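[1] Here is my input; please provide its structure:
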Amino acid sequence: HYGIHDVSFNTLLNNSINLDAYFAILISVIFIIPYFLISLKSTKLSNTIYFIVWTIAILISSCLTHFYISAEYLLTSVLFQFSFDEIWHLIEIESGTHRNLLWLLYLTIPIYIASYLFLRKKIKLKKWLNYIIVGLYLCIIVVAAKNYKYYYKPSFKFSSQHEFYIANNKTVHFVKSIIESEKSNKDLDSKDLLIAIHNYHRECKDFNFESTNYPLLHNKEYPNVLGQYFKSSEKAPNIVFIIAEGLASSFAGLHPTTLHLMPFVDSLASNGLYWENFLSNCCRTYGVLPNVLGSLTSGTLERGFVNFNGEKLFGKIYPNHNSLIKELRKNNYSTSFFYGGWGAFDKYQFFLEEQNIDLFVDQSKFDSVKYVAPWQRIPKGFYWGYDDKALFNQWFDYLNEKKPDQPYLNILMTLNMHEPYNICSKDYYESNFIQSRLKKLNLENSPFKRKDNQTLGSLFYFEDALKEFFYNYKKREDYDNTIFILFGDHYSVMAFLDNPLDTYHVPLIIYSPLIIKPEIFKGVSTHLDILPSLSALLQENYGLTFNKEKHWLGQGLDTSKTFRCDRIAPLNLYSSGYIQLLYHDYILTENGVFKISSNFQTSVVSDTLIINKVNRFASDYKSIDNYVCNKNRIWREISEN
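    The predicted model follows:
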């Protein structure tokens, strides 16, 4: 019906239908046995209960399936980490798209008709046939029970992430994630925790760790790897982060596998510093602010550190921690955050207020007269927020009004490339415009052609908005003293996900008039590495001062000109999805370890020694993460420093 992906016959028949069949048998046992027992007392009551339970089961299964169709990943126990307001926010977005009631009707009406006919005995079978059906059914139950482990197939059984998502039963995946989530957050006893800390410290020995009570604290002196590419000055530079929603290396940047949909983004990469093998540490936006601004630990929840709540544990939302915002404010920087959406979603506002940010602007503070919101253009429907041109121009309005006389850190977080891709002006969705744009890029026959106009139009709109942003910025006097840091927060649905690394592969571009010479780096780095290298640059080239004691997980940006992967970094550690941990040149997936080679190619690891080593480190990291967050042991109070 939606035509989102091509699926092989083998995947559909051998790796998909059988999984749903096993699940259906299991559910039928749960439903039908109680039904028969109750019917011995009251047929009317049993039919009513059957109808209610069956309706709930259909709705749950249908919603989980539709969630995958809409979001292109599977819903997990993360659902229980959303507040009611956030869930309602998401429901409103879905109800505003073209994918509203049809999916539910398609999936439920035939089942309801069949149920009604059987329950009302409109379809009658001969007695001997009933016995045969019951006998076969009991045999199937026995076979299914004996093969219960085949209700679910792990990721390494499939050739791509799409096949893994499509094939597995969505309800089984959801329930399985709940069970695994409960297991992963159990506290270790003190002896096992101490062993985990010692193992972690031994693995990351160049950090010069100071304490087992605060196992992440260290005094590592990060080398100024960016210094040789920048002019030095006594004048502190302005810093502008552009966190681009859904900006993936599959269509932007200079990686060898990139299909170039965004020539302006590519031009920034060519004329700045570009990391072609760069990874986000999370598959959704909730991870980007803690990872980039604080190089922080994961936070024990699938929705990351930003959604952590320690009120019941130690009386405040977040464990004590340091961040770029706090450090720059001590260096006389003004700080601001601009976002066209709802700032309370994923606790962005709470997290940034914890950093004592000077100005927080979300859609509620936009100039609604000057900038027309999507809901003003088309009242029916629901939208994430203002488009990216409005976001950038609202930021310029602030700069022009305030005329800051001090250096500034500004964080701009875009929205255009967020599903359901409905906040652009209408002309960007026209077929003629899309085809003309693809033809101009020589991509008429590329895989992107399969994407709908709304998705492609949103990407082109972001590209144009970014181009306009830099055009306007160059007119400003402070442009020559500004460092722009552009990167994706996570992958987009435009990523093909044929490789497990695609989920996290995003471009990182540092662009500035202060750059002496452009360069392309092939060393693997992650979001966690930005803060350590940026702080070293600001200290040595511009005379800023930072706290010597750090809790940063990042090892600093790798500026190697040849491919190298020596990172240790959590990647969506608490998710039941694909990648969980980067361990040097290996990645740990849900049920397997893969080796990483140049151009981000991966191959399955069969060596049990390596597999055990990677899994052991992941377990140690999870234990430490749980401890430092739940016990408030990331960062000492100021009085203790």
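
[2] which residues touch the closest residue to Val524 other than its chain neighbours?
    Spatial nearest neighbour of Val524, chain neighbours left out: Cys565 (4.1 Å); criterion: C-beta to C-beta, 6 or more residues apart in numbering. Bear in mind the C-beta positions are built from the backbone N, C-alpha and C, glycine included. Contact analysis of Cys565 by C-beta atoms under 8 Å, 6 or more residues apart in numbering lists 277, 523-524, 582, 584-585, 596.

[3] got JSON lines for those residues, with distance to Ile624 and neighbour count too?
    Putting the contacts of Cys565 into JSON lines (distance: C-beta to C-beta, whole Å; neighbours: other C-beta atoms under 10 Å) gives the following:
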{"residue": "Asn277", "distance to Ile624": "27", "neighbour count": "24"}
{"residue": "Gly523", "distance to Ile624": "26", "neighbour count": "21"}
{"residue": "Val524", "distance to Ile624": "23", "neighbour count": "26"}
{"residue": "Leu582", "distance to Ile624": "16", "neighbour count": "25"}
{"residue": "His584", "distance to Ile624": "18", "neighbour count": "17"}
{"residue": "Asp585", "distance to Ile624": "22", "neighbour count": "15"}
{"residue": "Ile596", "distance to Ile624": "24", "neighbour count": "23"}
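
[4] Helices - which of those residues land there?
    Using DSSP state H, the subset of those located in helices is empty.

[5] Could you pull out the strands in the stretch 101-250 of the chain for me?
    238-244 (DSSP state E, counting those that start in this stretch).

[6] low-confidence ranges in it?
    Across the stretch 101-250 of the chain, the ranges flagged by pLDDT under 70 are 101-108, 111-112, 115-127, 130, 143-150, 154-157, 159-162, 180-189.

[7] Surely Phe392 is in contact with Tyr471?
    No. Counting by C-beta atoms under 8 Å, Phe392 sits too far from Tyr471 to count as a contact (10.4 Å).

[8] The two: which is more packed in?
    Shown here are Phe392 and Tyr471; by other C-beta atoms under 10 Å, Phe392 has more neighbours (22 against 10).

[9] Am I right that the more buried one falls within a helix?
    Yes. Assessed by DSSP: H, G, I helix; E, B strand; the rest coil, Phe392 belongs to a helix.

[10] What pLDDT is listed against it?
    According to the prediction, Phe392 has pLDDT 97.

[11] Also Gln81?
    Gln81 is assigned 68 on the pLDDT scale.

[12] Helices along the stretch 251-400 of the chain, start to end?
    Counting by DSSP state H, counting those that start in this stretch, one finds helices in the stretch 251-400 of the chain at the ranges 263-270, 288-294, 311-314, 324-330, 348-354, 374-377, 388-402.

[13] Out of those, which gets nearest to Gly543?
    Ranking those by proximity to Gly543 (C-beta to C-beta) places helix 324-330 first, at 13.2 Å.

[14] Can you tell me how far the residue nearest to Val524 is from Pro513?
    Cys565 sits 32 Å away from Pro513, going by C-beta to C-beta, to the nearest Å.

[15] again, but for Val265
    Per C-beta to C-beta, Val265 is found 18 Å from Pro513.

[16] If you count surrounding residues, which of the two has more?
    Val265 (25 against 13).

[17] if I look at that one, how far off is Lys326?
    Taken as C-beta to C-beta, the span from Val265 to Lys326 is 30 Å.

[18] Helices along the stretch 401-550 of the chain, start to end?
    Taking DSSP H, counting those that start in this stretch to define them, one finds helices in the stretch 401-550 of the chain at 431-440, 453-473, 530-542.
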